[in-house]
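Below are the sequence and a predicted model; questions follow.
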Amino acid sequence: MKDSLVALLVESMRTLQARGDVPSDLDLTPQLERARDRQFGDFASNLAMVLAKPSRQSPRKLAEQLINALPSDPRVERVEVAGPGFINFYVRPDGHHSTIGQVLDQAAAYGHTNLGAGQHIQVEFVSANPTGPLHVGHGRGAAYGACVANVLAACGYEVTREYYVNDAGRQMDILATSVWLRYLEVCGEELSFPDNGYRGDYVIDLAKSLHQQLGKRLHKSAESVFDELPADGRDGGDKEAHIDALIKRCQQLLGKTEYRLLFDHGLDGIRADIAADLEAFGVHYDLWFSERSLSEADAIEKAIEALVAKGLVYQEAGARWFASTRFGDDKDRVVQREDGRYTYFAADIAYHHNKFERGFDRIVNVWGADHHGYIPRVRAAVEALGHDPEHLQVRLVQFAILYRGSERVQMSTRSGSFITLRELREEVGNDAARFFYVLRKAEQHMDFDLELAKSQSKDNPVYYIQYAHARIASMRRKLNADAATTFDPAYALEQLHQLTEEREQQLVDEIARYPEVVEHAARTLEPHLIAHYLRDLASHFHVYYNGHRVLVEEANLRAARVALCVAVQQVLRNGLDLLGVQAPERM
RNA sequence: GCGCCUGUAGCUCAAUCGGAUAGAGCAACGGCCUUCUAAGCCGUCGGUUGCAGGUUCGAUUCCUGCCAGGCGCGCCA
């Protein structure tokens, strides 16, 4: 419908151009949007206002001319000029009703478009270090990333959902060492756990399972571990130096093979836990990309060498630097340390190089807002390696501040007093968690009220939408209970002219809008639009259902109304599906 | 100090890539259940869109400068 109206406007504009009323060198596609208010018809275009200046005519006068030159279309009831020069289209009722048929026909595919045209797009999200369970901050990235991926897939993109596993580097060594120390405790050693170690209970669990698997094979005495180590922070020393020395000692005492065994036990245990957590949250991945696999394939070295070949790497103060300032970064960045080890950034250069080499047309990174300073250097690297930085989009997700009622929930990662995603899911449920996370724009700071999310009351917007779906399901059960009234779509679609109520028109309009909302969400990577849309749709439904009886005696009218409700239910289900929220049959 | 994000009703947030009279929910107050689920509906109350300029037919949206909050500015990850 929308497309054909745009075509009409193009026709009309061409006619005026041929007449010389509008400069012929203008080549623009008319903007047509769904009217905000019913009094302005169904669709509105600002074409006349845009053309007014170059044509040196008043917008309203131009609008009149455009309307007069408009080819006729049987679906259009009338076209009017309004306000400063809007061209408002009024569509005939049967033009509206056809959407009900479309929804019933396309079912789960209704709302899907071919915006992406099969383009390959990668969405990388969460990618939290596997040093502990996911917390509620990661949850928002998970919900957002999953929805973005779903929406893109619905719009015809070939989507790869990816998690970058930082399974190399110092933090992981700290984790391995932490597990080992707990393991030694299980073996009966007494020791003072380092300030900078990971203190969570999950570390103790990992130590116990390690002990179960290997017995005392990795056992060393506490004396041999702590002998002549630099003092820890609490003893007046440097806690960083202390933990680094501990890691080194651990590696020395265990040897390469045994250390790897320990390291992988921690890594695999936590990665499996994260994967299970996300899976239970309805977040699925196509690929868990290992950082370690980059160094094992010498990909980091190769990526840096590629920069060297372009003359973008130089030596200074013992380290090697990438001249990222040449591509807009604030300062140049170290890629290889004095001791020869590559930096985290170097691995990320290789990773992004790898992404582009895999042939993705677009790459979307979902990062926590605290990483925003990192964007310019990654873009610089991408560009330096000869890739189009425009094809890399970084979306920042702000943190959620948790509240219990009006009281703020305090969290700190180090002390282990953070709330995990799992705890959140258990407390408020997956549906509420998913919905609350994506209800807000990603870059908006968000207040997440646990009390509200778990309240099984009308205050909770998740239930409001689910309830609309369940109500329709209930109505259909009642309908199907009697064979004489069973819903017959083919027959019902012949009866749609029965839908003459104002509120029925509004509901149909609302349904017709859905594909545009999905497409808009895909274009802007803003799934919150869908959450808001669903609340609007549910609201329109509740209003209608409260004011008009659907299961009336008169068979034709009943069939038409049921068809409308079935269509509403389908759209609710499709939308909730994109958000990863259940559409219950009963509540 | 520099950079990024945010600032909209008492609270939490929307506002269709610059559109018409800035909208919901919650909170407050008043109504609607012998009828398809009251987890619902209807009504009332609520605004100088942080402030000041600019761009234009038109600005919550774009630009500049201030103010306030958050985050970042490592050979950490």
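Done, it's in.

hey, let's count contacts and neighbours off CA atoms from now on
Fine.

and the least confident helix or strand in chain A by mean pLDDT, what does it pack onto?
Lowest by mean pLDDT, DSSP states H and E among the helices and strands of chain A is strand A:407-408, with a mean of 78. For strand A:407-408, not one helix or strand is in contact under the criterion 3 or more CA pairs under 8 Å, 6 or more residues apart in numbering; DSSP states H and E.

So what are the sheet partners of that strand and their directions?
strand A:400-404 (antiparallel) (DSSP bridges).

low-scoring pLDDT stretches of chain A, where are they?
A:27, A:411-417, A:456-459 (pLDDT under 70).

at 50 what do you get?
A:414 (pLDDT under 50).

In PDB, list the C-alpha atoms belonging to stretch A:69-78.
These are the backbone C-alpha positions of stretch A:69-78, laid out as PDB (Å, rounded to 0.1, in the frame of the first residue of the first chain):
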ATOM      1  CA  ALA A  69      -1.800  15.500 -11.100                       C
ATOM      2  CA  LEU A  70      -2.100  12.300  -9.000                       C
ATOM      3  CA  PRO A  71      -3.100   9.200 -11.000                       C
ATOM      4  CA  SER A  72      -6.200   7.600  -9.700                       C
ATOM      5  CA  ASP A  73      -6.200   4.500  -7.600                       C
ATOM      6  CA  PRO A  74      -9.200   2.500  -6.600                       C
ATOM      7  CA  ARG A  75      -7.900   1.900  -3.100                       C
ATOM      8  CA  VAL A  76      -7.600   5.600  -2.400                       C
ATOM      9  CA  GLU A  77     -10.800   7.200  -1.100                       C
ATOM     10  CA  ARG A  78      -9.600  10.800  -1.200                       C
END
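
Can you list the buried residues in that stretch?
A:69-70 (16 or more other CA atoms under 10 Å).

ok, and what's touching it?
Outside stretch A:69-78, the residues that touch it by CA atoms under 8 Å, 6 or more residues apart in numbering are A:8-9, A:11-13, A:15-16, A:89-92, A:94-95.

repeat for stretch A:318-327
A:307, A:312-315, A:330-338, A:340, A:377, A:379-381, A:383-384.

now, which of these lie close to RNA strand B?
By CA under 7 Å from any atom of the strand, the members of those lying near RNA strand B are A:333-338.

Narrow those to those in strands?
A:333-336 (DSSP state E).

residues touching the residue lying closest to residue A:510 once chain neighbours are set aside, list them.
Using CA to CA, 6 or more residues apart in numbering and skipping the chain neighbours, the partner closest in space to residue A:510 is residue A:537 (6.3 Å). Residue A:537 makes contacts with A:507, A:510-511, A:568, A:572, as judged by CA under 8 Å, 6+ apart.

Can you classify residue A:537 by secondary structure?
What DSSP: H, G, I helix; E, B strand; the rest coil gives for residue A:537 is helix.

Can you get me the start-to-end distance on stretch A:368-387?
24 Å (CA to CA, to the nearest Å).

got the CA coordinates for the helix or strand harbouring residue A:17 in CSV?
Here residue A:17, judged by DSSP states H and E, is contained in helix A:2-19. C-alpha atoms of helix A:2-19 as CSV (Å, rounded to 0.1, in the frame of the first residue of the first chain):
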residue,chain,number,x,y,z
LYS,A,2,2.6,2.4,1.1
ASP,A,3,4.9,1.7,-1.8
SER,A,4,2.1,2.2,-4.4
LEU,A,5,1.2,5.6,-2.8
VAL,A,6,4.8,6.6,-3.1
ALA,A,7,4.7,5.6,-6.8
LEU,A,8,1.7,7.8,-7.3
LEU,A,9,3.5,10.7,-5.8
VAL,A,10,6.5,10.1,-8.1
GLU,A,11,4.2,10.1,-11.1
SER,A,12,2.6,13.3,-10.0
MET,A,13,5.9,15.0,-9.4
ARG,A,14,7.1,14.0,-12.8
THR,A,15,4.0,15.5,-14.4
LEU,A,16,4.7,18.8,-12.7
GLN,A,17,8.3,18.7,-13.7
ALA,A,18,7.4,18.1,-17.3
ARG,A,19,5.2,21.1,-17.1
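
Tell me if I am right that residue A:257 is in a helix.
Yes - with three-state DSSP as the criterion, residue A:257 is part of a helix.

That one: neighbour count?
A count of nearby residues for residue A:257, using other CA atoms under 10 Å, gives 10.

swap in residue A:178?
Residue A:178: 27 neighbours (other CA under 10 Å).

Kindly report the same for the one 10 residues further on.
Here the neighbour count serves as a burial measure; for residue A:188 (other CA under 10 Å) it reads 12.

Surely it is in a helix?
No - applying three-state DSSP, one finds residue A:188 to be coil, outside a helix.

in the stretch 251-400 of chain A, which spans are strands?
A:287-290, A:313-316, A:319-322, A:333-336, A:362-368, A:392-397, A:400-404 (DSSP state E, counting those that start in this stretch).
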